[in-house]
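Colleague: quick one: sequence and predicted model below, then my questions.
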Amino acid sequence: MEIDSTQDATNGRMPTVEAGQPVDDDEDLDHIFDDMDEDETSAPAHNPWRPVHAPLDVHNVNLSDYGGDNSLKLKLFYRHFFPMKQYIDWLNYDTVSDSKLSASDIKLSKTFMNREFCFTLMDDTYIRFQSYKTVDEFRQELTRLNPAKIDLGAIYNIRPRDKASVHASAFKPMSKELVFDVDMTDYDDIRTCCSGGDVCMKCWEFMTVAMKIVDSALKDDFGFKNLLWVYSGRRGVHCWVGDERARQLNNEQRKAIVAYLDVTKGGERQGKTVKLPNNLHPSVRRSYEIIDEHFKNIVFNSQDILRDPTHWEKILTLIPDETVQQTARVEWEADPDREPSDKWEDLRGFVRKAIATPSKRNLLEHVLRDIMFQYTYPRLDEKVSTNINHLLKSPFCVHPKTGRVCVPIEIENCEKFDPTEAPTTETLINELNQYDTDHPGSNLQDWEKTSLASYVKVFEAFVKGNVKSIRSTKQAKAEPTLEF
Amino acid sequence: MFRQENRKTRQMLASGHIGYDEKNPYTTTLNFYKVPPTLNITIVEFEQFALDRMQILTKLMNGQLRNLPPAKLEASMNEAISKHMPMSGNSSSGHGVTREQVLERQKDYISHFIVRLAYCRSEELRNWFLRAECALFKYRFERLSQKEQLEFLETQHLSWKKVSDDDKRILRENLRSTALSSFKSGNAEDETYFEVDFEKVPLLVGRRQVYVQGGKAYVPLAHQVSLVLDEFKERLSRDLEAMGRALPRMEEDKRLMPILNHLDKQYLGREFTSSAIAGEIQAQDVDGLKVHMPLCMENLHNELRQDKHTRHGGRMQYGLFLKGMGLSLEQALIFWQTAFGKLTPDQFNKEYAYNVRHLYGMEGKRTDYTPYSCKSIIMGNTPGPQDHHGCPFRHFNETNLRAQLTSHMVDEFDTEDIMRMVKGRHYQVACTRYYEVTRARMLGIGTETLKGGGLSSNGGSEVASQELIEHPNQFFEQSFKLMRDFSEKKNGANGDPSEVQAVPEPTIKGRYTYRMAGPGTSSTSNNMDMDME
Ligand code: SF4
Ligand SMILES: [Zn+2]
């Protein structure tokens, strides 16, 4: 089978690659992938090697004939829509290549060549530690493997493909973007509109809050400038921080940032999990302002959390005071149809009354504020961020289940982003055909003719920002010597 | 270092005792250990120094591991220090450093390097050494007067950018609320602040104890120790690695190597190496063995049975524990597949079998993972919502923990006792107590005999855990052995073993390794005056 030849040629032992079994040389592989973990039973895979007889011309394809043939759609996606040039520029981290240059002519930097790529094929095989020396090599591999998913790993001290040529301890991750992963499944205990892999605009607001909070903390507090937010293709968002300084962080420093951002820790049994100090740290206070903007809408409109007894009980158990709980219960059971926002005001009143008793003050004074955090504060997947060699799905993949492209989200307009409207290969093909009919002879790139263009623009801005930040760090480093 | 010393030094080694090093003024009890010693030392001293230092390091690490209350830790450290490595601080009268002090400090300096040499040889050893030395440095630093601290910093040319009064005014509100949020007084004006890159103080950042803005962290003087420690750690870790790389050249030295090899076995810490007291256990035995499990594992087991699933953290923690109990890979696959009853065998094979094999070192890096110790469960990866791993004493809230205790028939008195320990953050002590009272209950011994650690009379001593629970598998084995011995004894006396929980017949196949510190023996005593040539 062709897969074998993708195996590391320098690697003496030939790893057995079976469906669903990663080729892993790192510990805890299951930590290494971002969204492979829980309960993702996949549909029977298509064989990507099945010969495709139809011509692969995007204009002649009638996708409905191919129904579920994801592999064909993917091939079309990589061929016509994947923004290769911007992608290479990004991972090169040195210059933005001239706009006239074709992607194949771009010279790869060491940063690119030492980057780990991991491909997940249609049959769920993963191939880790791939790396490339030229753009063409990378492009050919993409076409040949037609991966259902591309993950990006760390940049190592040597080319990942050569890892078998050195002792395991001499193969070291040197740098990587600081990354974050927020996944809706972590909100399942408070989400009422959807569950599992589904999302809608209602629950998406959780993601909006998460993006706003994390984005402002990373920028204001940690001073990072180049952040790329990406729709994960299904039910979450990823963030890539491209600043040089972020890429150089060690695991301990990454951990520190995650801990700094995290306020919702605690196991399920811990009950009321958020307990913040009376006086908020400036960063948490800023988050609180963001939460305040969204809390009412999320909780009273979209998630309806105070509407019926099963849900309001969840909130009541978070209040460590029998009297308040009981008062609310009695009141609301007598008038269950009371508007949720009124019920929240009721709660405020009950708590206010309770803290008139000095002994209760400490416990209750900020309890509602903490509940607001509990319900809306971002829940980060810690492992993705804290481990430098953790893999994260690359932007501009096509999610195998939803068919949606993992497109960048412009943070300034993140409130408007609607995951259910993210482009799919089908919509892109239709847009392309439409455009070509309307503008015969146009020499734009295929992606430029579609709605993907606006997303690529966001991406381009990120790439440019990175290059600029590298230049200015270099300058800053060089400056002191200029005085001589 | 020792080996690479020049000829002159080696010749001087023959003189048999340490020389007085004028170049190094040893102005304070602290040392950054920047330059390796160029002193003469006999091989006997070489070993003695190292062992003495190990006593101190292990005492400190253990005290912290056991969560000793500060006063107790202080007492035990003082004892160890005066016995093994006395260190007197500078006299306040400002007299110079006495010859005696120089020798003390020199011993500290040299012994550091010897142990460093022994511990630079693997990642694991380096990590331990780094942690231990940082702890010791911190311990000493915090016990200096502020004047001495500043003096030390000056000699090391350590300075951080002070925040000017103008900037302080601008930042005032934020500095104030940061201080208030970590329960300090909010008096930011009188406090001196340093401005450093946030990367320098990860711990303070992670705990939100500093104000962070634009990539800078504003560190109050009170947290200065973090900065110093960070500096210390960074240098030491760099030097350790460099030394580790240079080490192959050392390996030639036939006399030093045995000592070094012996030294690096010294660090305390319990590791679970092989399976298991209960012998080969079968997948279907696991439920029956639940009685011997500590709360953390019992909880995971129950959740697994109830949800027919457990998340990654739980699979690692419980899976490795079972492995430690003696569940073979084959049986583990059966166990987990049956446990994940919602999945078809196919789904299981596809998504989780790899995971199980991985735990047994049959996949991936093929490391033979060892079961997690209490310490790593308690300090490790905090369970998120929906996770069930972790240590109940650490990660449950009070209500849930109380409920757990009640359901295990822990009476009110003992519950309060345990809760007190938990509140003092002595989770493993609490677990040890839990072990004792529940085992006593199982054997029908009154827990009164155990109260307050009074373990002497009628049966109490059998149940009392000889040692702190440091490992869930230790809990299991202790309990298992206890019941087995008890049932054997009963068997002998009354011929009725049925009163005690039925457990599979044990065969001892593995054991713990306790890596104990101690004045072990090594091969050098017959070479008393050997020099290092
Ligand atoms: S102290 Fe150790 S054995 Fe006891 S419950 Fe906690 S982790 Fe488990
Ligand atoms: Zn929804």
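Modeller: Done, it's in. Numbering: from 1, shown residues only, chains lettered A, B, ... in the order given. Ligands and ions are numbered 1, 2, ... in the order given.
Colleague: contacts only, for residue 295.
Modeller: By default, I'm working from chain A. By Cβ atoms under 8 Å, 6 or more residues apart in numbering or on different chains, A:F295 lies in contact with A:372, A:375-376. (Glycine included, C-beta is placed from N, CA and C.)
Colleague: hm, I was asking about chain B
Modeller: For B:L295, counting by Cβ under 8 Å, 6+ apart, the contacting residues are B:391-393, B:404, B:408, B:431, B:434.
Colleague: rebuild these as TSV, extending it with secondary structure and neighbour count.
Modeller: Below are these laid out as TSV (DSSP: H, G, I helix; E, B strand; the rest coil; neighbours: other Cβ atoms under 10 Å in any protein chain shown):
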residue	secondary structure	neighbour count
B:C391	coil	26
B:P392	helix	25
B:F393	helix	28
B:Q404	helix	19
B:H408	coil	15
B:C431	helix	28
B:Y434	helix	27
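Colleague: identify, from these, the entry nearest to B:T58.
Modeller: Of all the contacts of B:L295, the one sitting nearest B:T58 is B:C431; the distance, using Cβ to Cβ, is 22.1 Å.
Colleague: circling back: next step: the contacts of A:F295 restricted to helices.
Modeller: If you go by DSSP state H, the contacts of A:F295 have A:372, A:375-376 in helices.
Colleague: quick one, longest strand in chain A?
Modeller: strand A:149-156 (DSSP state E).
Colleague: gap between the closest residue to A:G233 other than its chain neighbours and A:F77?
Modeller: By the measure of Cβ to Cβ, 6 or more residues apart in numbering or on different chains, the closest residue to A:G233 outside its immediate chain neighbours is A:H399, 2.8 Å from it. Distance, A:H399 to A:F77, by Cβ to Cβ, to the nearest Å: 11 Å.
Colleague: next one: A:N250
Modeller: 36 Å.
Colleague: hmm, A:D370 is touching A:L280, no?
Modeller: No: with contact defined as Cβ atoms under 8 Å, A:D370 does not reach A:L280; the gap is 10.5 Å.
Colleague: three-state assignment of the nearest residue in space to B:G390 that is not next to it in sequence?
Modeller: Counting by Cβ to Cβ, 6+ apart, B:G390 lies nearest to B:P383, which is 4.2 Å off, once chain neighbours are set aside. Assigned state for B:P383: coil (three-state reduction, DSSP: H, G, I helix; E, B strand; the rest coil).
Colleague: send me stretch B:429-444 as PDB with only the CA atoms.
Modeller: Extracted in PDB, the C-alpha atoms of stretch B:429-444 (Å, rounded to 0.1, in the frame of the first residue of the first chain):
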ATOM      1  CA  VAL B 429      -1.700  12.500  55.900                       C
ATOM      2  CA  ALA B 430      -5.500  12.600  55.600                       C
ATOM      3  CA  CYS B 431      -5.400   9.700  53.300                       C
ATOM      4  CA  THR B 432      -3.200   7.800  55.700                       C
ATOM      5  CA  ARG B 433      -5.700   8.500  58.400                       C
ATOM      6  CA  TYR B 434      -8.500   7.400  56.200                       C
ATOM      7  CA  TYR B 435      -6.600   4.200  55.600                       C
ATOM      8  CA  GLU B 436      -6.200   3.500  59.200                       C
ATOM      9  CA  VAL B 437      -9.800   4.100  60.300                       C
ATOM     10  CA  THR B 438     -11.400   2.200  57.400                       C
ATOM     11  CA  ARG B 439      -9.100  -0.800  57.800                       C
ATOM     12  CA  ALA B 440      -9.700  -0.900  61.500                       C
ATOM     13  CA  ARG B 441     -13.400  -0.900  60.800                       C
ATOM     14  CA  MET B 442     -13.000  -3.700  58.300                       C
ATOM     15  CA  LEU B 443     -11.200  -5.800  60.800                       C
ATOM     16  CA  GLY B 444     -13.600  -5.000  63.600                       C
END
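Colleague: quick check: buried residues in that stretch?
Modeller: Residues B:429-443 are the ones in stretch B:429-444 that count as buried (16 or more other Cβ atoms under 10 Å in any protein chain shown).
Colleague: hmm, it touching ligand 1?
Modeller: Yes: Stretch B:429-444 lies within reach of ligand 1 by Cβ under 6 Å from any ligand atom, at B:C431.
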